[in-house]
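Trainee: quick one, what's the 3D model for this:
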Amino acid sequence: MSARPTRYSAIAIALHWAIALCIIAMIPMGIWMTGAISEPGAQALAYRVFQFHKSVGFLILGLTALRIVWRLAHPVPPLPGGMKRWEAFAARATHAAFYGLMLALPLTGWLYVSTGWAVSADRALAVPTSWFGLFSIPHLPWIGEASASLRRTVAFQAMGAHSMLAWAAVALIALHVGAALKHQFIQRDGVLAHMVPGLPQGDAPTAPPPDAWERWLGRCAGLCLVLIIAQAAAIAVTPAPAPQLTTVAQTRPAPVAMQPAAPRQPATGNQAAAWSVDYGASRIAFTGTHSGDGFTGRFERWEGDIRFDPENLAGSRATVLVQVDSARTGDSTQENALEGEEWLDPKGHPVARFESGAFRGLGGDRYEATGTLTLKNASLPVVLPFTFSERDGVATVKGNLKLDRRALDLGMQSDSGGDWVSMDIGVAIEVTAKRMASRS
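Mentor: Residues are numbered from 1 along each chain as shown. Model (predicted):
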């Protein structure tokens, strides 16, 4: 039988300090962002901190799982022989409680964000999660399909447990640090050297390995402490059913009735000239504000069937089809949110369509197109003002308009008041196209 090591392995030490630094950073971060998320001046920064907080939480969860696996496969240094029996039991219980907290904290946070409910504002708020912007982390599957009242209740319970567990972690950290310093500077038994390379080893005798019942009792005591704190917090903060839940549906504007898109006009001799779009030099962009900060996005995949001639406005028409899953803003969390059912819903409605058969000159190079924008279950009449210039058979078109997302039923469950995302969304088009040779 091999002797127990005198200090933890390099991997165990690295995992210990990595998790410790993450947890210590997370606590003040969580306290600050909880208050700042409701302040207009700090909301944008708090939103970014919240996303970072979630990423670090999942990092803690992964590192903790790795540490548990490593701990089961590698023996740990023995406790000093001079420790009283109750002190050894308390040490083992504290370590078990730490493992429980390192699992329970990120899991309660994951449960909270999966509810799609903001406790601070007491309303639905679906915010996707991406791990440091690299890839998306799905929400827990069962909670997203639950009723609004159940999601609200679970959100308050999860956040209450998450907060109390964080304070329990503060207490355990203080206890753990105090005990380590006591061993290092008062008892001088070298316990701190187990986890801090470079410190001298103590010369105190080591305690014999604990009995099996002592090991399991200590672990159970630590885990029970975590569960008791979490359950007490959940009971303490569970709110009574809120009557205003019914107002979510009542205040949500009814979507514009879906109308069939106008059919394409058959080709006739009176049609205007056709154009071939240079998609590399063209773009469809959108702008707005999110958490007080401006954002700019674009659609990367779209196609246009355009026939336009300033001398033949009556024969001009345009049809533009946009693949809504190609929306990009450069922010992975925003992009994931746009793919949700309450926003662009690419799974249910993959294509947005703009179709116009009515053009009018406004003088000089200015024109406007009156048409229909079809997005999700809404069909909205729009007027697009634009400029048109042509040189050597190459045309440049630029246009801008504003869309009210209430009329298109965009984000009206999570943000019906425009507190997070502006109600007005600007749309800008820049098209470069080459005149196609007319067919004889």
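Trainee: now stretch 108-115 - C-alpha only, PDB.
Mentor: The C-alpha trace of stretch 108-115 is given here as PDB (Å, rounded to 0.1, in the frame of the first residue of the first chain):
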ATOM      1  CA  THR A 108     -29.100  27.300  -9.400                       C
ATOM      2  CA  GLY A 109     -27.900  30.100 -11.600                       C
ATOM      3  CA  TRP A 110     -28.400  27.900 -14.700                       C
ATOM      4  CA  LEU A 111     -31.900  27.100 -13.400                       C
ATOM      5  CA  TYR A 112     -32.700  30.800 -12.900                       C
ATOM      6  CA  VAL A 113     -31.600  31.900 -16.400                       C
ATOM      7  CA  SER A 114     -33.500  28.900 -17.900                       C
ATOM      8  CA  THR A 115     -36.800  30.200 -16.500                       C
END
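Trainee: may I see the buried residues of it?
Mentor: Within stretch 108-115, the residues that count as buried by 16 or more other CB atoms under 10 Å are 108-115. Any C-beta I mention is one placed from the backbone N, CA and C, and that applies to glycine too.
Trainee: same thing with stretch 90-105?
Mentor: Buried-residue list, stretch 90-105, by 16+ other CB under 10 Å: 90-105.
Trainee: now it: mean pLDDT?
Mentor: Averaged across stretch 90-105, pLDDT comes to 89.
Trainee: least confident secondary structure element in the chain?
Mentor: helix 247-251 (a mean of 35; mean pLDDT, DSSP states H and E).
Trainee: how far does the helix or strand following it sit from its chain's centre?
Mentor: Heading C-terminal from helix 247-251, the first helix or strand you meet, by DSSP states H and E, is strand 274-277. Its chain's C-alpha centre and that of strand 274-277 lie 40 Å apart, by CA atoms, centre = their mean, to the nearest Å.
Trainee: partner strands of strand 274-277 and their direction?
Mentor: strand 302-307 (antiparallel), strand 424-435 (antiparallel) (DSSP bridges).
Trainee: now do the last one: distance to the chain's middle.
Mentor: Here strand 424-435 shows a centroid-to-chain-centroid distance of 30 Å under the convention CA atoms, centre = their mean.
Trainee: not counting its neighbours along the chain, what's nearest Glu300?
Mentor: Excluding the flanking residues, the one nearest Glu300 by CB to CB, 6 or more residues apart in numbering is Ser326, at 4.1 Å.
Trainee: neighbours around that neighbour, how many?
Mentor: 15 (other CB atoms under 10 Å).
Trainee: what are the ranges of the strands in the stretch 51-200 of the chain?
Mentor: For the stretch 51-200 of the chain, the strands defined by DSSP state E, counting those that start in this stretch cover 117-118, 123-124, 129-131, 135-137.
Trainee: out of these, which is closest to Thr153?
Mentor: Closest approach to Thr153 among the strands of the stretch 51-200 of the chain (CB to CB): strand 117-118, 9.0 Å.
Trainee: average pLDDT across that closest one?
Mentor: 89.
Trainee: going by contacts, tell me the helices and strands next to it.
Mentor: Helices and strands touching strand 117-118, by 3 or more CB pairs under 8 Å, 6 or more residues apart in numbering; DSSP states H and E, are strand 123-124, helix 148-182.
Trainee: list the buried ones in the last one?
Mentor: In this case it means helix 148-182. So helix 148-182, judged by 16+ other CB under 10 Å, has buried residues 148, 151-166, 168-169, 172-173, 176, 179.
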